[in-house]
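Q: how does the following fold in three dimensions:
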Amino acid sequence: MGFALAHLSDPHLNPLPRPRLRELMGKRATGYANWLRSRRHVHDMALLERLLADIAAQKPDHVACTGDLAHIGLPSEFPRAVAFMEKLGSHDHVSFVPGNHDAYVPSSLAALGVAMEPWCHSDEAAEGFPWLKVRGHVALIGLSSAVPTGPLMAWGRLGQEQIDKAEMLLHYAGKRGLKRVVLIHHPPHVGGAKRGRELKDARQFEAMLAAAGADLVIHGHNHRTSLAWLAGPQARVPVVGVASCSMGLRGHGETAGWHLIDIPEGDAPITIARRGLGPTGGIGLLDTLVLTPP
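A: Numbering: from 1, shown residues only. Take a look at the predicted model:
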């Protein structure tokens, strides 16, 4: 029996509410200029709606969103983010970890925490990261790599305390015989993103994963499908990135997509159906990836 997990990321919800002049200071000023010049044209909300309909039609057991609902982390962006998350399903059915655009500047954090709290806490109602949710034979563990950074920077950081707690949760879930899936926004491996966009403590995360193990790590941030393998205590661990779910034809690189991940019980490999905008303009299956360790 399998567990179907829908993974989407980086919708960058448009349009951006008009900022107040006092909000356009520092990094937000450059981010707003970037939105005016580029982002408002490449993130297609009509296309995003079509992808959401495709997700609903596949009837996944759970939906995982790995961040970047916002553009520049304005408090006025988060009501739309809440509406988007509610469209995905009930709080029990949907999980969230934040991206760097959600935590764009320090003043974004309060609004982010309040708005997204229903989708990012543990089953036991414990607050903060990492969180743990058990759904059937699958343990979902959510990490936050989202931290405010300076202008033109988009890097992330977990911090040693969060890494240590994640290791305990992975060991706990492993002892229960659960399939362990880690959610994070930034690619959590060395070389996973360009300098200035990387996870600063990727080396520490890799060391933790080598000791604790996991069955799958999923992330966003790079706006493209990717697959890397990290060392685990026994088998290697697949690390899978996903395209932006709102990237239209005017964007650069991979167009809008999402992953339908089948996580079976037992020793059968995890499979990923990559779904999204095809060459003829339809939304459907693009290809299938079987995660067999190299």
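
Q: how about the helices in the stretch 1-150 of the chain?
A: Here the stretch 1-150 of the chain has its helices, by DSSP state H, counting those that start in this stretch, at 27-34, 40-42, 45-58, 78-88, 108-116.

Q: list of residues touching the third one?
A: Which is helix 45-58. Under the contact criterion Cβ atoms under 8 Å, 6 or more residues apart in numbering, helix 45-58 has outside partners 4, 6, 8, 11, 13-14, 63, 87-88, 245-246, 248, 256-258, 260, 275-277, 283-284. (C-beta placed from N, C-alpha, C; glycine too.)

Q: give me the buried stretch members for that helix, please.
A: Across helix 45-58, burial judged by 16 or more other Cβ atoms under 10 Å covers 47-48, 50-52, 54-55.

Q: just to revisit the earlier point, mean pLDDT for the helices of the stretch 1-150 of the chain: which is lowest?
A: Mean pLDDT is lowest for helix 27-34 out of those, coming in at a mean of 88.

Q: how far away from the center of its chain is it?
A: Computed by Cα atoms, centre = their mean, to the nearest Å, the chain-centroid distance of helix 27-34 equals 23 Å.

Q: okay, it in PDB with CA atoms only?
A: Provided in PDB are the C-alpha atoms of helix 27-34 (Å, rounded to 0.1, in the frame of the first residue of the first chain):
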ATOM      1  CA  LYS A  27      16.000  44.900   0.700                       C
ATOM      2  CA  ARG A  28      12.300  45.300   0.100                       C
ATOM      3  CA  ALA A  29      13.000  48.200  -2.300                       C
ATOM      4  CA  THR A  30      15.200  46.100  -4.500                       C
ATOM      5  CA  GLY A  31      12.800  43.200  -4.300                       C
ATOM      6  CA  TYR A  32       9.800  45.400  -5.300                       C
ATOM      7  CA  ALA A  33      11.800  46.700  -8.300                       C
ATOM      8  CA  ASN A  34      12.600  43.100  -9.300                       C
END
